[in-house]
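Participant: just coords:
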């Protein structure tokens, strides 16, 4: 079964809208949660979260982790067409496979002008 | 070279043929990984290597093999390709060595089609 669940699977918005992407997880030996952005090719790193309640920010993007409820959200404010991408959530688990990242299926975000 | 390179960029392969996907990193990272990405299924781990000389199986290892003769290179071999191996393959690396961050850096990917 999926250990990392992202929602929604796809989202279409207009420029200027604010979006919230969700990631819930269930893994053993949780270490950290990572967000990646994937446009045409390779995923590129956005954030790594290790502690609950501490918001990470980069420009219009921000993310926060709740280790008690086992989820994270990624917020994008004032969206632009360049934000169109697949956003991947991954959890770093120090379980049976050392250093394994468990990826969710991603959220496809489309921003229309 | 800067970061991770993969070759080839894309390949069309006849079923039954042997194929090696190449991956090289110049960041001196200990750990390297191979993933496949299929529509609707996200990234799935095929094989990994925590350090040169060691490898391990991931979530979907059947039909694939890897080797890690040195720190920089981590080739993925399909011994006898089948159509279900049609996918986009990503190589990744991280500085992870048992402690610290496991932030993974990804190569540009290889799009493989098996007919």
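Facilitator: Ah, there it is. All values reported here derive from a predicted model rather than from experimental measurement.
Participant: list the contacts for residue B:15?
Facilitator: B:81-83, B:114-115 (C-beta atoms under 8 Å, 6 or more residues apart in numbering or on different chains). All C-beta spots, glycine's among them, are computed from the backbone N, C-alpha and C.
Participant: find the helix or strand that the most centrally placed residue in chain B is a member of.
Facilitator: In chain B, the residue lying closest to the centroid (C-alpha atoms, centre = their mean) is residue B:34, at 2.7 Å. Residue B:34 is located in strand B:31-38, with elements delineated by DSSP states H and E.
Participant: buried residues, that strand. List them.
Facilitator: For strand B:31-38, burial by neighbour count (16 or more other C-beta atoms under 10 Å in any protein chain shown) applies to B:31-37.
Participant: ok, now stretch B:79-93?
Facilitator: In stretch B:79-93, counting by 16+ other C-beta under 10 Å, buried: B:81, B:85-93.
Participant: now the helix or strand bottoming out on mean pLDDT in chain A, how far from the centre of its chain.
Facilitator: Across the helices and strands of chain A, mean confidence by mean pLDDT, DSSP states H and E is lowest for strand A:100-103: a mean of 86. Chain-centre distance of strand A:100-103: 13 Å, with C-alpha atoms, centre = their mean, to the nearest Å.
Participant: what residues does whichever helix or strand comes after it touch?
Facilitator: Counting by DSSP H and E, the next helix or strand C-terminal to strand A:100-103 is strand A:107-112. Applying C-beta under 8 Å, 6+ apart, the external contacts of strand A:107-112 come out as A:6-15, A:17, A:19, A:21, A:76, A:79-87.
Participant: now do the buried residues in strand A:107-112.
Facilitator: Within strand A:107-112, the residues that count as buried by 16+ other C-beta under 10 Å are A:107, A:109, A:111.
Participant: tabulate those in a markdown table, adding columns for pLDDT and distance to residue A:48.
Facilitator: Shown next, in a markdown table, are those (pLDDT from 0 to 100; distance: C-beta to C-beta, whole Å):
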| residue | pLDDT | distance to residue A:48 |
| --- | --- | --- |
| A:107 | 96 | 18 |
| A:109 | 97 | 20 |
| A:111 | 97 | 24 |
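Participant: for chain A, what are the nearby residues on chain B?
Facilitator: By C-beta under 8 Å from any C-beta of the partner chain, the residues of chain B that approach chain A are B:31, B:33, B:35, B:40-45, B:48, B:50, B:56, B:58, B:90, B:94, B:96, B:98, B:101-109.
Participant: one more time with 6 Å
Facilitator: B:31, B:42-43, B:50, B:96, B:102-103, B:106, B:108-109 (C-beta under 6 Å from any C-beta of the partner chain).
Participant: name the nearest of those residues relative to residue A:58.
Facilitator: Residue A:58 lies nearest to residue B:103 out of the residues of chain B next to chain A, by C-beta to C-beta, at 14.3 Å.
Participant: give me the low-pLDDT residue ranges for chain A?
Facilitator: Within chain A, the segments meeting pLDDT under 70 span A:1-2, A:95-99.
Participant: who in it is up against chain B?
Facilitator: Going by C-beta under 6 Å from any C-beta, the residues of chain A near chain B are A:41-43, A:45, A:48, A:92, A:98-99, A:103-106.
Participant: in these, find the pair that's most separated.
Facilitator: A:41 and A:98, at 27.3 Å, using C-beta to C-beta across the residues of chain A next to chain B.
Participant: returning to that earlier point: what about the closest residue to the residue nearest to the centre of chain B other than its chain neighbours, how many neighbours?
Facilitator: Nearest non-adjacent residue to residue B:34, counting by C-beta to C-beta, 6 or more residues apart in numbering or on different chains: residue B:46, 4.4 Å away. The tally of other residues near residue B:46 (other C-beta atoms under 10 Å in any protein chain shown) stands at 24.
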